[in-house]
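[1] The sequence and its predicted three-dimensional model are supplied below.
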Amino acid sequence: MTSSTTKKSIRPQAFTLIELLVVISIIAILASLAFPAIGGAMDSAKKAQAKNNAVQIASAVVAYETEYGKLPPISSSSSSSDVTGDVGSFFTAILGGSANNTNNPRSIVFIELPTYKKGKGGTNTSGEYLDPWGGTYSISLDYGYDNTITAGTNSTSLRKKVGVWNTNSSSKLSVNSWD
């Protein structure tokens, strides 16, 4: 009985350099396709945060008016009913906390303003309330008590007591409290 032996080529069980490079290039292509989607999702999240901030400011003003029967005062330096980034008597009135605050004698906190964080908004070191992109909020109040204000970047006439919008240079990043 003769036995014949055949030689089989033994191949190690590993990736070749070509296979590895192909896999890395496929992963790079997929990642490059995902980056614009991630950027769009981040902008949508910032826009939702800015809209939420605008609605919270408007709600705080309405709550202040319900409590005290008048709208919060604006800074004496402002001659109109618009408050742009103003943290004078307006935000002092709705922030509460101070026992000797003549515009909010009960020290009711109508809104809490966080410290500014990039992408989230908040108050900066000079006290301005900023949107997630670093722009300020503008506020229009109905001091004539006729339920009409002029608000927004296009000076829209609204049947509201308060309107809040951000002053962003890009129209696709602008938000307001009345939509």
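    Right, received. Where do you want to start?
[2] in the sheet, who's paired with the residue lying closest to Ile149 once chain neighbours are set aside?
    Excluding its sequence neighbours, the residue lying closest to Ile149 (C-beta to C-beta, 6 or more residues apart in numbering) is Ser140, at 4.4 Å. (Glycine included, C-beta is placed from N, CA and C.) Following DSSP bridges, Ser140 is listed with bridge partners Asp82, Gly163.
[3] secondary structure class for the spatially most central residue of the chain?
    Among the residues of the chain, the one closest to the centroid is Ala50, at 2.7 Å (C-alpha atoms, centre = their mean). Recorded secondary structure, Ala50: helix (DSSP: H, G, I helix; E, B strand; the rest coil).
[4] just checking, Ile111 touches Ala58?
    No. Using C-beta atoms under 8 Å, Ile111 is not in contact with Ala58, being 9.9 Å away.
[5] now the helix or strand hosting Val23: mean pLDDT?
    Using DSSP states H and E, Val23 sits within helix 17-68. For helix 17-68, mean pLDDT is 90.
[6] from now on call the first residue 9
    Okay, residue one is now 9; in that scheme the one you just asked about reads as helix 25-76.
[7] Give me the helices and strands touching that helix, please.
    helix 97-103, strand 145-149, strand 170-174 (3 or more C-beta pairs under 8 Å, 6 or more residues apart in numbering; DSSP states H and E).
[8] Thank you, goodbye.
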